[in-house]
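[1] following is a predicted model, sequence given first.
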Amino acid sequence: MPTYRVGTEPLQIRKSFREVLCEQCGKSMGKIHVDRIPKQLEGLSARDVLKFYPFIRVDIGVHEKVCPALKKEGGPPAG
Ligand SMILES: [Zn+2]
């Protein structure tokens, strides 16, 4: 399963949104308002992300299926 992180760019005036990104492929899942930032900003599972940001459920759900990183894990076990 892919993991996600919340953008850690420093907050600026008038910039109160951060991006949620897939850690495996870097794709953006959308922007979230900084009112609700999890303590842990990296290595979040889809479930963790959705606890904070249920409104990106669709984006996450789709990405869980199409993330290019998943294909690498699906191969035969090595050695
Ligand atoms: Zn991904």
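    Done, it's in.

[2] neighbours of residue 56, how many?
    Residues near residue 56, counting by other CB atoms under 10 Å, number 20. For glycine as for every other residue, the C-beta is placed from the backbone atoms N, C-alpha and C.

[3] now do the residue nearest to it when sequence neighbours are not counted, the pLDDT please.
    Spatial nearest neighbour of residue 56, chain neighbours left out: residue 30 (4.6 Å); criterion: CB to CB, 6 or more residues apart in numbering. Residue 30 carries a pLDDT value of 91.

[4] surely residue 30 touches residue 21?
    No - if you go by CB atoms under 8 Å, residue 30 and residue 21 don't touch, sitting 9.7 Å apart.

[5] more neighbours: those two, which one.
    Neighbours per residue (other CB under 10 Å) separate residue 30 from residue 21, with residue 21 holding more: 17 against 14.

[6] ok, that one - contacts?
    Residue 21 makes contact with 4-7, 27-29, according to CB atoms under 8 Å, 6 or more residues apart in numbering.

[7] now residue 39: which helix or strand?
    Residue 39 belongs to no helix or strand when assigned by DSSP states H and E.

[8] mind checking how far residue 41 is from the ion?
    Distance, residue 41 to the ion, by CB to the ion, to the nearest Å: 17 Å.

[9] tell me the contacts of the closest residue to that residue other than its chain neighbours?
    If the residues on either side of it in the chain are set aside, residue 41 comes closest to residue 6, at 4.5 Å by CB to CB, 6+ apart. For residue 6, the contacting residues are 18-21, 32, 37-38, 41-42, 44, by CB under 8 Å, 6+ apart.
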